[in-house]
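Asks: generate a structure from the sequence data that follows.
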Amino acid sequence: MSAASAWLILFIAGLCEIGWAVGLKYTEGFSRLWPSAATLLAMVASVLLLGWSLKVLPLGTAYAVWTGIGAVGTAILGMLLFGESREVARLISIGLIVAGIVGLKLLGKE
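Replies: As a prediction, the model looks like this:
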């Protein structure tokens, strides 16, 4: 696997991370069957894809990027779907996470 495909797989894993995090809200404590099933599927896919990307990418970089994608995406969807706070300090903090992800990608050795 090339480094470019490993990064693509990691990005998809991050999207799955967002999916299961947001999905948790819809499961209502895993009391709803289909949202729960979809959330569990996204969890498994996210971890499997992360593991697959680790064949090429360094652990610390990949894990930080994976969790960063999940955190940023979940925070943005929380604002859009659930009316969570959009105050400036929160948006700046999300921007700092994005800057960290970009920095890890640019400086990481793969």
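Asks: what segments of the chain are strands?
Replies: Ranges of strands in the chain, per DSSP state E: none exist.
Asks: pLDDT weak spots in it?
Replies: Along the chain, segments meeting pLDDT under 70 span 108-110.
Asks: let's see 90
Replies: Across the chain, the ranges flagged by pLDDT under 90 are 1, 101-110.
Asks: tell me who's in contact with the residue positioned nearest the centre of it.
Replies: Taking Cα atoms, centre = their mean, the centroid of the chain lies closest to Gly70, which sits 2.3 Å from it. Counting by Cβ atoms under 8 Å, 6 or more residues apart in numbering, Gly70 makes contact with Gly14, Glu17, Ile18, Ala21, Ser46. C-beta here means a position set from N, CA and C on the backbone, and glycine is covered the same way.
Asks: mind checking how far the most far-flung residue of the chain relative to its centre is from Leu81?
Replies: Here the chain reaches farthest from its C-alpha mean at Ser31, the gap being 23.9 Å by Cα atoms, centre = their mean. Distance of Ser31 to Leu81, computed by Cβ to Cβ, to the nearest Å: 19 Å.
Asks: next: Val44.
Replies: Val44 sits 23 Å away from Leu81, going by Cβ to Cβ.
Asks: what's near enough to touch Gly73?
Replies: Per Cβ under 8 Å, 6+ apart, neighbours of Gly73: Gly14, Leu15, Glu17, Ile18, Ala21.
Asks: Ser36: which of these is nearest?
Replies: Ala21 (13.9 Å; Cβ to Cβ).
Asks: surely the closest one meets Val72?
Replies: No: at 11.0 Å, Ala21 and Val72 do not qualify as touching, with contact defined as Cβ atoms under 8 Å.
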